[in-house]
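Student: below are the sequence and a predicted model; questions follow.
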Amino acid sequence: MKREVEIKKGLRLLPIRPVYLASMAHGGKKNIITIGMFAFFSGKPSLVGIGISPKRHSYELIRRSGEFVVNVPTKKLMKAVSICGSKSGRDVDKFVAAKLTPIKGTRVNAPLIKECPVNIECKVVKEVETGDHIWFIGEVVATHVDKRYNWRKGLLFKWIGEDGFFYKVGEKIGQYQEAT
Ligand SMILES: Cc1cc2nc3c(=O)[nH]c(=O)nc-3n(C[C@H](O)[C@H](O)[C@H](O)COP(=O)(O)O)c2cc1C
């Protein structure tokens, strides 16, 4: 039996609520923002998007530079994720505050976060105003992966339950089988 629930509550029950760190730079200033709004927009070309509120410092920096990097945090970086999701780059250098190291990418000027085992370099191809967030759709121009990284052991996912806790994924539960 089903009951209609408040829309916000229903959306919180979606299983995949990723947590990523997006990094960017413009005019000698670099920044990091915690993002939950991430989506794939195309396979060929490879397009991904991040939804950023125009209130964020990150919004201005991405708008001006036309670039961003999506960095995948591990469970060790939970505190850094909270810092980058609550402090603004207008007030603090989040690389310092969250003890994260900027390193050079290969195709964009935005920094990669060294401590994140997966980094996706993107160049903005489209900006889409949806509602209270603007979607920056970026073409993926390079990806970097730490050879030692086992994603099953430590990817961070957020499930926005009532509790505001972070959860990790990793259990293998069955194999995909193409329907005949
Ligand atoms: C788990 C989590 C997910 C978030 N997702 C987003 C998001 O997708 N888009 C967004 O604009 N802000 C998001 N935020 C809020 C920003 O990270 C936060 O406002 C940050 O301080 C903005 O920093 P900035 O002013 O340096 O850009 C999220 C925060 C948390 C904790």
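Tutor: Thanks, I have it.
Student: grab the nearest non-local neighbour of the residue of the chain found nearest the ligand.
Tutor: Closest residue of the chain to the ligand, C-beta to the nearest ligand atom: residue 85 (2.7 Å). C-beta: built from backbone N, CA, C; applies to glycine. Closest residue to residue 85 apart from its sequence neighbours, by C-beta to C-beta, 6 or more residues apart in numbering: residue 34 at 3.2 Å.
Student: how far does the helix or strand where that neighbour lies sit from its chain's centre?
Tutor: Remark: residue 34 resides in strand 29-35, with elements defined by DSSP states H and E. Averaging C-alpha positions (C-alpha atoms, centre = their mean, to the nearest Å) puts strand 29-35 10 Å from its chain's average.
Student: which helices and strands sit right next to it?
Tutor: Other elements packing on strand 29-35 under the criterion 3 or more C-beta pairs under 8 Å, 6 or more residues apart in numbering; DSSP states H and E are strand 20-26, strand 47-52, helix 57-65, helix 78-84, helix 94-97.
Student: let's see it at 7 Å
Tutor: Applying 3 or more C-beta pairs under 7 Å, 6 or more residues apart in numbering; DSSP states H and E, one finds that strand 29-35 contacts strand 20-26, helix 57-65, helix 78-84, helix 94-97.
Student: report whether it contacts the ligand.
Tutor: Yes. Counting by C-beta under 6 Å from any ligand atom, contacts between strand 29-35 and the ligand involve 31, 33, 34, 35.
Student: let me see the mean pLDDT of that strand.
Tutor: If you average the pLDDT over strand 29-35, you get 97.
Student: partner strands of the next helix or strand after it, parallel or antiparallel?
Tutor: Downstream of strand 29-35, the next assigned helix or strand under DSSP H and E is strand 38-42. Its sheet considered, strand 38-42 pairs with strand 47-52 (antiparallel) by DSSP bridges.
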